[in-house]
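Novice: Here is my input, please return the structure:
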Amino acid sequence: MNIHFIAIGGAVMHNLAIALHNKGCVVSGSDDEIFEPSRSRLDAHGLLPEKNGWDPDRIHPGIDAVILGMHARKSNPELKKAQELGIQVYSFPEYLYEQSQNKKRVVIGGSHGKTTITAMVMHVLRDQQMDFDYLVGSGIQGFETMVKITEDAPLIIIEGDEYLSSAIDPRPKFHLYYPHVVLLSGIAWDHMNVFPTFEEYKKQFRKFLEIITGGGKVFYYDGDPVLAEVIDASHWCLLKIPYREHPYRVDSGRFVLHTKYGEVPLTLFGRHNMQNIQGARLICNDLGVEDHDFYDSIQTFRGAERRQQLLANGNNRAVYLDFAHAPSKVKATVSAFREMYGEQQLVACLELHTYSSLNMEFIPQYNGTLDEADLAMVYYNPAVVKHKKLPPLSPEEVKKQFGRKDLHLYNDAATLEHDLKALRENSCVLLIMTSGNFSGIDLETLAREVVGE
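Specialist: Numbering: from 1, shown residues only. Take a look at the predicted model:
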């Protein structure tokens, strides 16, 4: 197969390109900009385009398929050429389904926790030496790529994202996988730019449950009333299996599972991760993993990249990075750190970076999300607001919507960086939450300076 990627530099796109290259396909690609780590990883596999930009001459009748990334527009000249030549154009979820039609498809979705649960399942299956393919939205320790596609693996584990598939395919990605087994971790409004109302957002999950392959099943977190409503309205023939958080206790700052085999110490923490573990356990059980094997394997799971990721630790200080950006994720993450670190000073620093988080109609959803932090800091870049073609944000109004009179609000990255380095508490935990990069702040260097390395 000769496959061309339009917008090959995307996080999942470049991983899929590498996976198909490893499978033996002839892979080419293009993009207008490619950033790290995509650039180095593509280069290491000989897949980095010779130059940036779009060139219709790259598209020729010898190409069997084009995979179109979300970053590319409908007017892309390479896309136009492929359409003129009648070459099959796929979004990456379409192509993933195409490559996994003969496999058992397990899709893990939900507004929060899906990456971590997918990573947990992958970690356990690999530790138990089971053969499987996968797609996950983050790097995981021990896995070279975020995508694996082979001929022989009998099953595939897929993180089911509800965002749109491509510029020419407005369907949510998880509608295209036709799963046999589903896990849903919760529903909390996100992606306001494409789902302008919460009702429209919930509708995507209802549709998702309609496309589960006949005789399928759904595991779902039973503590979410919105999810329960969607599950109750789904077809009667779907096997519906609820779960709650796994029983646990906190011992000297470490989370420990209660099991019939004894206590199982973890490297993870937070009540939401105890929910994630229970969901992962049920999926692994369904795939043939016994509980005692699951508990043996989960002890060594250290989390996905940018999920409770420790950046620096020393001098009674610790700095963590987390991908939390939507309100439900922010609230759960802050709560997890409060439960883990008890009375220790907790500083929560959040960047508003997505379309939803920078939209004043959506920002009230953040009310109360930072309440458990001792010191709360919020940053946004006015230039990003302008780039997303949103109305300017009033700092006073943003501050008001978070519901904390003592909230520290920043729209200048240099000032924020200065204040983080000047934290006065001798002992503190700094939790940095973002899906961006705080307008280019070197977070690893910052973390080392905060702990005094």
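
Novice: Run a quick neighbour tally on K389.
Specialist: Other residues lying near K389 total 7 when counted by other C-beta atoms under 10 Å. Any C-beta I mention is one placed from the backbone N, CA and C, and that applies to glycine too.

Novice: who's in contact with it?
Specialist: By C-beta atoms under 8 Å, 6 or more residues apart in numbering, the contact list for K389 is empty.

Novice: My assumption is that it lies in a helix; please confirm.
Specialist: No: applying DSSP: H, G, I helix; E, B strand; the rest coil, one finds K389 to be coil, outside a helix.

Novice: Tell me how far it lies from L358.
Specialist: According to C-beta to C-beta, to the nearest Å, K389 and L358 sit 10 Å apart.

Novice: cool, and S111?
Specialist: With distances taken as C-beta to C-beta, S111 is found 18 Å from L358.

Novice: repeat for L96
Specialist: Remark: distance between L96 and L358 (C-beta to C-beta) = 30 Å.

Novice: which residues of the stretch 351-453 of the chain fall in strands?
Specialist: For the stretch 351-453 of the chain, strands defined by DSSP state E, counting those that start in this stretch occupy the ranges 375-379, 408-410, 428-433.

Novice: so for the longest one, what's the average pLDDT?
Specialist: Spelled out, that is strand 428-433. Strand 428-433 carries an average pLDDT of 97.

Novice: Direction included, what does that strand pair against?
Specialist: Paired with strand 428-433 in the same sheet, following DSSP bridges, are strand 317-322 (parallel), strand 345-351 (parallel).

Novice: To L443, which of those lies closest?
Specialist: Among the strands paired with strand 428-433, strand 317-322 comes nearest to L443, with 6.1 Å by C-beta to C-beta.

Novice: what number of residues lie near R271?
Specialist: Using other C-beta under 10 Å, R271 has 17 neighbouring residues.

Novice: Let me see the contact set for the residue lying closest to it once chain neighbours are set aside.
Specialist: Leaving aside its sequence neighbours, R271 sits nearest to E245 (C-beta to C-beta, 6 or more residues apart in numbering; 5.9 Å). Residues in contact with E245, defined by C-beta under 8 Å, 6+ apart, are G223, R271, H272, M274, Q275, I277, Q278.

Novice: is it possible to export the strands paired with strand 428-433 to CSV including distance to H235?
Specialist: Formatted as CSV, the strands paired with strand 428-433 follow (distance: least, C-beta to C-beta, whole Å):
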stretch, distance to H235
strand 317-322, 36
strand 345-351, 39
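
Novice: and of the ones you listed, who's closest to N52?
Specialist: Between the strands paired with strand 428-433, strand 345-351 lies closest to N52; by C-beta to C-beta that is 27.0 Å.

Novice: quick one: contacts of stretch 229-243?
Specialist: So stretch 229-243 is contacted by 184, 187, 202, 205-206, 209-210, 212, 214-222, 275, 278-279, 282 (C-beta under 8 Å, 6+ apart).

Novice: Restricted to helices, list these.
Specialist: Among the contacts of stretch 229-243, the ones falling in helices (DSSP state H) are K202, F205, R206, L209, E210, Q275, Q278, G279, L282.

Novice: Can you report how many residues lie near the second one?
Specialist: Going back to what we said before, that points to F205. Quick note: F205 (other C-beta under 10 Å) scores 23 neighbours.

Novice: So the closest residue to it other than its chain neighbours, which state does it fall into?
Specialist: Spatial nearest neighbour of F205, excluding adjacent residues (C-beta to C-beta, 6+ apart): V230 at 5.1 Å. Put simply, V230 is helix when judged by three-state DSSP.

Novice: ok, V230 to P382 distance?
Specialist: Taken as C-beta to C-beta, the spacing of V230 relative to P382 amounts to 37 Å.
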